Every structure is written in structure tokens, then in C-alpha cells.
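Chemist: Coordinates for the following, if possible.
(2 chains)
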2 protein chains.
Amino acid sequence: MKKIILASKSPRRSFLMREAGFEFEVRTREIDESFPPEMPVDDVAEFIAKKKADGVMDFIENEEIIITSDTVVILNNKIYGKPKDKRDAARMLREISGTMHRVITGVCIRSRGREVAFSDVAEVYINDMTDAEIEYYIEQCQPFDKAGSYGIQEWLGYVKVARINGSYATVMGLPVHRVYEVLRGEFGLE
Amino acid sequence: MKKIILASKSPRRSFLMREAGFEFEVRTREIDESFPPEMPVDDVAEFIAKKKADGVMDFIENEEIIITSDTVVILNNKIYGKPKDKRDAARMLREISGTMHRVITGVCIRSRGREVAFSDVAEVYINDMTDAEIEYYIEQCQPFDKAGSYGIQEWLGYVKVARINGSYATVMGLPVHRVYEVLRGEFGLE
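Modeler: Okay, the predicted model is just below:
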């Protein structure tokens, strides 16, 4: 009997895996999320997802499958990670106000004998945000664990996202439709 | 003090209004949702939203604003409404399997002195679904109150929607980002 380990502290990723009907266990460890500065920004999420998988390899027992993931926000070819503090969050939100940015989630799915890694991209179109709206959001939702300083499933996502071109789940942090296909395909799960 | 009345039984619409931070009351009435057969399919959702507003006009007191809405699924220029039964739901899901369909949500926002009505369109790309997956979904989620026989925020939405081009909220049943703009703009809400 194969067992799925989700190596992520993100409650959004656990939510998505549950909604997709998977049974799994969460096991995490602090992993260094740095990446080479010369790396093309489109490759970073998958690079970090693999690095996270490397860091928890010793978690994997015989029949286990481990899933790691990383999400980045990209605007003007620059990566927006998690904000350092309130001020940094407000700066990021002012920068994405009224623009389209891309969200890339990289995923690594690994067992003792197999690895599948991929990235999924979504474009997110944000309406203009006033400073008052940005302040309100940061106070209410404290988005300090989120790349780009916002969660699409929070107040700001509902009132300010005009449209997305891509997967909503990818923006939340895990392209669970692709995880579903890979687990049933390459990993033979029922 | 203005008061918002959401004239819809849909728990998804209430959810979206709450997430957008609105205080509101739900008041509903059965409304005939028929439309002229010669009407262009793209106009139907807004037409029905207005018809729903007409049907609850006597709900509106001086300082109240009423919101009505209707969602349709369109494939091959044909409207997919709520399924009649299990068999009808399975037929619809087999038809949208592996295709792109459009979801249009029409909205009518009305006070005693003002009306704003609009439609919002989203494209939804569905992966192939097996008969077993369709059966499983219908049994588990009983999607009989949903246009096109699925809810994007349910199992099928998470595992089978490859991407959307448009607003996730519109697919759920209410383009709440546009409601937010209209309520703050034309209706002067804070």
C-alpha cells in the first residue's frame, strides 16, 4: 500500500490535497530556499521544489511517495517571495496593484525509484488597490507566509483579482490537477 | 445606512459575499427562470438576473440594495442549466469532458433609484473524465443545484479543471470583484 507524504507546512497545500480526495501525511523540515542568482526566474520554483525533496529524502520509506512544492510570484522578471515584514508586504502589494503578474508553482513527486518534477504557470490580473485597501488587507490577513504577500483565497483575492489565466490551485500553491494525473499515471495510484 | 440584500439561495454566492467582507441579508423567492428561446445565449444570464430582480422588487425598502445573479454554462452555443436528475448530470459531464466551455454569470444590482446590470465571462478547460470519475463525483457531491452539473470548488473542480481564463468567482456564481467595484462606485458604499 503506497503512502503519500506532503512535505509542506502550507495549510493551502494540505487543503488542496484533501479536496482532491487524497489521504496523506504531512512531514516537514526547514530547508534552505536559496537559489543561484543567475538562474532564469521561470526555473526557480521547480529548482526549490527539488531541493526540498532532496532535503527530506531520508523521510521516504519503501512504499512512500513524497510531494514537495514551491510557489513564486514573478513581476518584471523579478521574483517576489515571502515578505520580510509589514512594510515589505505593502511595497510588494503596491507593485502588483493594477498589473498582471505570473505565479509559478514547482512540484517534485518522488519515491525510492522514481521522480517526476514539473512547473505550472498562471497569470493573475490585479485591479488597482488603494493604500487603504492594502493596509486593511495586511492588518486583517497578515500575509507573511505567502509569496507576493497575498493569498488568492483571502479578501484581497476575492475583491481585487479581475481574472486569472491558468489554474486557481496553482496560484493557491499546488496544481493539484497535475498531481492527480501524475500520481495515477507514473506512480500507479488508484 | 444602506443595507445589502442578496436575493439568492446559492450558498456559494453567500460565501463569496462574506469573503469580500460585505454584511448582507439573504431574502429569496421562487422566480421563473425561463428565457425566450431565440435569445442569444450570451445574454441569458443577465436577462435572468434582471428577471429575478423584478420578481423581488417589493423586497426593496428605502435604503436597501438588492443583488440578484444567474449563472449559465455554455458549450457549442447551447446553455447547460441545472441537471434534472443523475442521468442528466452524467450526460452533461460527459459532454464537457475534455473541452473548453464558457461560464457566464449575470448580475443585477438595484436600489429604488438605480440599477446596474452586467455579465462576466470565464472560459473553463476541463481534462478528460472517465465514466467512473463522473459517477464518483455525482454520488459524492450531488451537483443538482449547479449549472453544468459541477461546482469548481468541489472534487471535480480540483482534479479536472486544467485552467480557467477569467474570474474563479464568476465560475463559482458571482463576480464579486465587480460587485465590489459597483457597490463602492455607483452605489457609494464604503
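Chemist: In which helix or strand does A:Arg102 reside?
Modeler: According to DSSP states H and E, A:Arg102 maps onto strand A:100-110.
Chemist: Can you name every helix or strand that that strand contacts?
Modeler: Judged by 3 or more CB pairs under 8 Å, 6 or more residues apart in numbering or on different chains; DSSP states H and E, strand A:100-110 is in contact with helix A:44-55, strand A:64-75, strand A:115-126, helix A:168-172, helix A:176-184. Where you see a C-beta, it was placed from the backbone N, CA and C, and this is true even at glycine.
Chemist: Run through who's touching the fourth one.
Modeler: The reference is to helix A:168-172. Contacts to helix A:168-172, defined as CB atoms under 8 Å, 6 or more residues apart in numbering or on different chains, come from residues A:12-13, A:15-16, A:71, A:103-105, A:120-122, A:124, A:151-153, A:164, A:175-177, B:152, B:158, B:161, B:164, B:168.
Chemist: One more: the last one?
Modeler: In this structure, residues lying in contact with helix A:176-184 by CB under 8 Å, 6+ apart are A:4, A:16-17, A:19-20, A:22, A:65, A:67, A:107, A:109, A:116, A:118, A:120, A:167, A:169, A:189-190, B:127, B:158-162.
Chemist: so how far is it off the chain centroid?
Modeler: Remark: helix A:176-184 is offset 15 Å from the chain centroid, using CA atoms, centre = their mean, to the nearest Å.
Chemist: And the nearest residue to A:Lys146 once chain neighbours are set aside, how far from B:Ile4?
Modeler: Ranked by CB to CB, 6 or more residues apart in numbering or on different chains and with sequence neighbours excluded, the top spatial neighbour of A:Lys146 is A:Lys82, at 6.5 Å. Shown here: A:Lys82 relative to B:Ile4, a distance of 35 Å by CB to CB, to the nearest Å.
Chemist: A:Met100 now?
Modeler: For A:Met100 relative to B:Ile4 (CB to CB), the value is 30 Å.
Chemist: And these two? Which one has more around it.
Modeler: Each of A:Met100 and B:Ile4 has its neighbours counted (other CB atoms under 10 Å in any protein chain shown); B:Ile4 has more, 19 against 14.
Chemist: Please compute how far whichever strand or helix holds the more buried one lies from its chain's middle.
Modeler: For B:Ile4, the host element (DSSP H and E) is strand B:3-6. Strand B:3-6 has its C-alpha centroid displaced from the chain centroid by 17 Å (CA atoms, centre = their mean).
Chemist: helices or strands up against that strand?
Modeler: helix B:11-19, strand B:24-26, strand B:64-75.
Chemist: Would you mark the buried spots in that strand?
Modeler: B:4-6 (16 or more other CB atoms under 10 Å in any protein chain shown).
Chemist: any chance of the helices and strands packed on strand A:100-110 in a markdown table, plus mean neighbour count and mean pLDDT?
Modeler: A markdown table is the format used below for the helices and strands packed on strand A:100-110 (neighbours: other CB atoms under 10 Å in any protein chain shown; pLDDT from 0 to 100):
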| stretch | mean neighbour count | mean pLDDT |
| --- | --- | --- |
| helix A:44-55 | 21 | 96 |
| strand A:64-75 | 23 | 96 |
| strand A:115-126 | 19 | 98 |
| helix A:168-172 | 28 | 97 |
| helix A:176-184 | 21 | 97 |
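Chemist: and the ones you listed as a markdown table, adding distance to B:Glu61?
Modeler: As requested, the helices and strands packed on strand A:100-110 are exported to a markdown table (distance: least, CB to CB, whole Å):
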| stretch | distance to B:Glu61 |
| --- | --- |
| helix A:44-55 | 52 |
| strand A:64-75 | 45 |
| strand A:115-126 | 36 |
| helix A:168-172 | 37 |
| helix A:176-184 | 45 |
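Chemist: who wins for proximity to A:Cys141 among those?
Modeler: helix A:168-172 (14.1 Å; CB to CB).
Chemist: Now do the strand holding B:Ile4, average pLDDT.
Modeler: Mean pLDDT, computed over strand B:3-6, is 96.
Chemist: ok, residues contacting that strand?
Modeler: Contacts of strand B:3-6 (CB under 8 Å, 6+ apart): B:13-14, B:17, B:22-27, B:56, B:59-60, B:63-67, B:183.
Chemist: Buried among those? Make that a PyMOL selection.
Modeler: Selecting only the buried entries of the contacts of strand B:3-6 in PyMOL, with 16+ other CB under 10 Å as the criterion:
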select buried, chain B and resi 13+14+17+22+24+56+60+64+65+66+67+183
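Chemist: How about the residues of chain A by chain B?
Modeler: Contact residues, chain A versus chain B (CB under 8 Å from any CB of the partner chain): A:16, A:19-21, A:122, A:127, A:152, A:154-155, A:158-169, A:176-177, A:180-181.
Chemist: and if we set it to 7 Å?
Modeler: Proximity of chain A to chain B, by CB under 7 Å from any CB of the partner chain, involves residues A:16, A:19-21, A:127, A:155, A:158-169, A:176-177, A:180.
Chemist: Just the buried ones among these, please.
Modeler: Using 16+ other CB under 10 Å, the buried ones in the residues of chain A next to chain B are A:16, A:19-20, A:127, A:155, A:158-169, A:176-177, A:180.
Chemist: Which other helices and strands does the host helix or strand of A:Leu156 contact?
Modeler: In this assignment (DSSP H and E), A:Leu156 forms part of helix A:155-160. On a contact count with 3 or more CB pairs under 7 Å, 6 or more residues apart in numbering or on different chains; DSSP states H and E, helix A:155-160 meets helix A:131-141, helix B:11-19, helix B:176-184.
Chemist: next one: the longest one to chain centre, how far?
Modeler: Taking CA atoms, centre = their mean, the mean C-alpha location of helix A:131-141 is offset from the chain mean by 22 Å.
Chemist: Let me see the confidence value for the nearest residue to A:Gly21 once chain neighbours are set aside.
Modeler: Take A:Gly21 and drop its neighbours on the chain: the residue closest to it by CB to CB, 6+ apart is B:Trp155, 5.8 Å away. The model reports B:Trp155 with a pLDDT of 96.
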